[in-house]
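Student: Take this sequence and fold it.
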Amino acid sequence: MINRHFAHIACQGVAVVLAAVAVLPAGAPSASAAPPPPDPRSSSVHRPTDDEDAVADGDLVEVVPHEDAAGKVKCSRRTGPYQRAVEKWLKLKVDGKQSAADCRAVRDFQEQHGIKPAIGFAGPATWATMQLISAKDDPNARHKCPVRKHRVACVDLDRQVTWVQKGGEVVYGPVPMRSGRVGHATRTGWHKIYWKHRNHWSTLYNAPMPYAQFFSGGQAFHGVHDSIYTTLGSWGCINLRLDDARKLWRVLKKGDRVYVWGHRPGK
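Tutor: Numbers count the residues shown, from 1 in each chain. Predicted coordinates for the structure are as follows:
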């Protein structure tokens, strides 16, 4: 019999989206808000509405400073939280400081890949899109995820991408994800899917965890109805876009292995 005490723990991050723009409060590093105090004693079932269950992932929404959003700037002068990494990926001068040339190059990339608002701010959606592009053709090119005859869900905290492989074949993904923040890090090493709950509801954070697949205590793969592209991580879980979580639900089975490595960049 499964001990469900741990499965009551949720790990969802919170994004603030205003008028299709995720906004960084003035002087703050993230759009995330603190959850209510933990109370892991109980959970309930969330029955998604037809609208929730039919959600398809739309445009990528970038987190931008409040001043830029309010001023409707065309090209941000502000240094983004992923400035240095974005500069490196675009083969710009890597100094971690925004310049007019940087802004134009980042804005061009954002426009090309449907990231909104395309104002050249080096935020999490832009960085995550670059990581996903790099991982698309061969996510295990660095051989960080062990190859086994059975299915292995590979969780790359460094690049914030996840996929499933069986032998040398990728059978799902790679897709973007959001892992645990500092103090609530997603646990590394080998794990196993031990409980699946399609309509899980966390009373700990008073939030749905659709398509939850628990693999380490209260840490699980699950979908979120908001954006996974935030500067802060989750509360330990692997947050996925809803459609990605739905597809992963069909791929993984109870007993499948999960391998986690690396460290989430940033906060």
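Student: check contacts around the residue nearest the centre of the chain.
Tutor: In the chain, the residue lying closest to the centroid (CA atoms, centre = their mean) is R178, at 2.3 Å. With contact taken as CB atoms under 8 Å, 6 or more residues apart in numbering, R178 is in contact with 13, 160, 224, 228-230, 233-234, 238-239. (Each C-beta comes from the backbone N, C-alpha and C, glycine too.)
Student: ok, it to C237 distance?
Tutor: In this view, R178 and C237 are 8 Å apart by CB to CB, to the nearest Å.
Student: Q110 belongs to a helix?
Tutor: Yes - counting by DSSP: H, G, I helix; E, B strand; the rest coil, one finds Q110 located in a helix.
Student: measure it to A125 for me?
Tutor: Taking CB to CB as the measure, Q110 and A125 are separated by 8 Å.
Student: Between the two, tell me which one has more neighbours.
Tutor: Neighbour comparison, Q110 and A125: the larger count goes to A125, with 27 against 23 (by other CB atoms under 10 Å).
Student: any idea how far the more buried one lies from L248?
Tutor: Distance check for A125 against L248: by CB to CB, it reads 21 Å.
Student: try V258
Tutor: The spacing between V258 and L248, counted by CB to CB, is 11 Å.
Student: Please enumerate the shared neighbours of the two.
Tutor: Jointly contacting V258 and L248 under the rule CB under 8 Å, 6+ apart are A153.
Student: Is the closest residue to A153 other than its chain neighbours in a helix, a strand, or coil?
Tutor: Here the nearest residue to A153 in space, its sequence neighbours aside, is V258; by CB to CB, 6 or more residues apart in numbering that works out to 4.4 Å. Local secondary structure at V258 is given as strand here, using three-state DSSP.
Student: Give me the pLDDT for Q165.
Tutor: At Q165, the pLDDT value in this model is 98.
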